[in-house]
Structures are given as structure tokens and as C-alpha cells.
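K.L.:
Below are the sequence and a predicted model for it; my questions follow.
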Amino acid sequence: MNFYWTWRWILFISFLLICAICAVWFYQRTTGEDELQAVLLNQDQMNDAYLVARRLDITQVEGKELVAAYYRENTKPAASFIVKVPSIEEASEQVVGRINAQDPSLPLAARDKSDRTVVVKNDAAHKVDVLKINMDKSWEISLGLGSHQGDVYVPVSVQRNYDVYHAVMAEIHMGPEELARGKIKTSGWEVKHVWRY
């Protein structure tokens, strides 16, 4: 394959990758905002990392990190405000409802967009905490070294995480000999849908 056709394929694959990323971004923007609702947990439930992970639809490792972060002394709630109700149960349910309804009377920090919103009912301290959690980065870029049937290649990949458990990844394989000469020549490519757990 000559130089002209190689670059045409690289440009075509790059165009498809950009279109796929834009489609995922558009889908996430148009449908994802209604799915993320505030979740109510009590103080005892915040001790169980497995339960936290299950209720928030996150991995167990992220659940353990969240529980550890909640109990650190320097961790502060996203917002502090006063709600006048007869009991802590009613206060916590009212806060969850108001956050999910995007009540404009709430502080902006309580309404800010985040990956997860947790409302923790703390009976001992007679308070309700609002925690905003951003779980992980949306983009990943990687570089490596591989071999296929005796041919060595350098895989370069870009991954777009559009959900906690799903991603789209595109990868190109470049010949290291050509890179050493200052030329970019691809020896293969891949586009993958990734299931993360």
C-alpha cells in the first residue's frame, strides 16, 4: 500500500473515531441528566462499602474510597443550609426531593452536576449531609508496545468513558522502525466497546 492510501485510511479512521466520540457525547448530554438522582443513605449504611457501591451503582473499590473519604476529618459536605421540619427523616427526604427537582432555593453547590449525589442522614449529629461525588475521568490515553506474528508494533489508544461501566476505545498500531526514521506508518487499527467493572 503506498503512502497516499495509508494516509487516506488514517484520516478515514480518525474521522470515524471523532464521529463516534461526538455521538456518545451527544447521547450522554441529551439522556444522562435525568438518570443521576440523589440517593438517601443513613449513617449506618455509610459504614458498609459494599452497600454504598450497590446503591450508587459504582465499583466496590470506589465504594471503599467513598466511605474512607466520608470519615476523614477534613471532608466537608458540598452545601450547608437549614431545613425546618419536625424530624431528621423528613428533612433528609425533603433534601433528596429538592435536589432531584433542582429546587432553585437550594444553594448552588447542592444543585451542581456531579457523577453521584449522596444525602447522608446523620441521626447522632442531627444533621443531613449532601455529598457530591465525581468518580473518574472521562478520557484515557495510552501508549504501549506489542507483537503480532513476530511483528512488533506500538499501540496508541484513546478511550472515552461515557458511563461507569462502559467506554469506547480506538487504537492504531504503528511500526517502530518507521517511527525511528521519522515516518508514521500504521500496521493496524482497532475500535472497541469496553465494559468496565
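P.N.:
Nice, I can see it.
K.L.:
Next up, identify which helix or strand the residue nearest to residue 105 when sequence neighbours are not counted is on.
P.N.:
In space, and not counting its chain neighbours, residue 105 is closest to residue 98: 7.7 Å by Cβ to Cβ, 6 or more residues apart in numbering. Using the backbone N, CA and C atoms, a C-beta is placed for each residue, glycine as well. With elements taken from DSSP states H and E, the one containing residue 98 is helix 88-100.
K.L.:
what's the answer for residue 40, then?
P.N.:
Following DSSP H and E, the helix or strand that holds residue 40 is strand 39-42.
K.L.:
buried sites along the helix holding residue 98?
P.N.:
88, 91, 92, 93, 94, 95, 96, 98, 99 (16 or more other Cβ atoms under 10 Å).
K.L.:
per-residue confidence at the nearest residue to residue 64 once chain neighbours are set aside?
P.N.:
Closest residue in space to residue 64, ignoring its immediate chain neighbours: residue 49 at 4.3 Å, by Cβ to Cβ, 6+ apart. Per-residue confidence for residue 49 comes out at a pLDDT of 87.
K.L.:
got it, and residue 121?
P.N.:
pLDDT recorded at residue 121 is 84.
K.L.:
Surely it forms part of a helix?
P.N.:
No - the secondary structure assignment for residue 121 gives strand rather than a helix, going by DSSP: H, G, I helix; E, B strand; the rest coil.
K.L.:
Which two of the buried residues of helix 88-100 have the greatest separation?
P.N.:
Using Cβ to Cβ, the two most remote members of the buried residues of helix 88-100 are 88 and 99, lying 16.4 Å apart.
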